[in-house]
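S.K.: okay, predicted coordinates and the sequence, questions at the end:
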Amino acid sequence: MATTDEYVPSPSDWVRDQVDTIARTGTTDSVHIMERPVVLLTMRGAKSGAIRKVPLMRVEHDGSFAAVASQGGAPTHPQWYHNLLAHPDIELQAGTDTFPVRARELEGDERSQWWERCVAAYPPYAEYQTKTDRLIPVFVLERR
Ligand SMILES: C[C@H](OP(=O)(O)OC[C@@H](O)[C@@H](O)[C@@H](O)Cn1c2nc(=O)[nH]c(=O)c-2cc2ccc(O)cc21)C(=O)N[C@@H](CCC(=O)N[C@@H](CCC(=O)O)C(=O)O)C(=O)O
């Protein structure tokens, strides 16, 4: 069981590799998914209290970012979804800049507006939503 403040890497090899590359190069610009840019969220585990690092697609608008709990259209939310609900104050790295943000889950028109931005930034999100009955959660990450 991790003690608090201990960084516990993702058990997913390809994700852990991308997180390691970002750490080694100092910038999220060193990794891409389908040539699209990525940001890195550092958060606290809802159950373990451990430090978790979660790369996501970069969706930015007016200085705020989105976090899309798509997990490729899987039937369940990614586990980090629960972390953001439990501990919404996280760190976001975009390029070489890292800054504190607060995650807020979106609903209704605000979610629809951000969803359009998400799909524009990474079109596969639209396909992921067709693969699952769950409404893919969208968080806005606002500087704090
Ligand atoms: C594999 C699993 O990860 P997950 O939190 O379910 O998230 C799955 C993926 O969404 C996550 O790997 C993303 O980084 C994948 N991913 C994207 N995932 C997305 O959902 N959306 C994206 O846009 C996205 C982009 C992306 C870009 C680059 C990249 O390298 C990865 C990308 C995991 O790390 N499990 C851990 C525990 C994770 C955790 O946070 N546990 C919490 C408890 C959480 C709970 O309460 O359930 C805790 O420690 O306390 C484990 O099994 O030990």
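M.R.: Okay, I see it.

S.K.: where does the residue of the chain found nearest the ligand fall, phi/psi-wise?
M.R.: Residue of the chain nearest the ligand, by Cβ to the nearest ligand atom: residue 45 (2.5 Å). Backbone N, C-alpha and C define where each C-beta goes, glycine included. Note on residue 45: backbone dihedrals following degrees, to the nearest 10 are phi -60, psi 140.

S.K.: I figured it hits residue 81, correct?
M.R.: No: between residue 45 and residue 81 there is no contact under Cβ atoms under 8 Å: 12.0 Å.

S.K.: got any ranges where the chain has weak pLDDT?
M.R.: Filtered on pLDDT under 70, the chain yields the residue ranges 1-4.

S.K.: tabulate the CA atom coordinates of the host helix or strand of residue 112 in CSV.
M.R.: In the assignment (DSSP states H and E), residue 112 maps to helix 108-121. Output in CSV follows, covering the C-alpha atoms of helix 108-121 (Å, rounded to 0.1, in the frame of the first residue of the first chain):
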residue,chain,number,x,y,z
GLY,A,108,-25.4,20.5,-19.8
ASP,A,109,-24.6,23.3,-22.2
GLU,A,110,-21.2,24.0,-20.6
ARG,A,111,-20.2,20.4,-21.2
SER,A,112,-21.6,20.4,-24.8
GLN,A,113,-19.6,23.5,-25.5
TRP,A,114,-16.4,21.9,-24.2
TRP,A,115,-17.2,18.6,-25.8
GLU,A,116,-17.0,20.3,-29.2
ARG,A,117,-13.6,21.7,-28.3
CYS,A,118,-12.5,18.2,-27.2
VAL,A,119,-13.6,16.6,-30.5
ALA,A,120,-12.0,19.4,-32.5
ALA,A,121,-8.7,18.8,-30.6
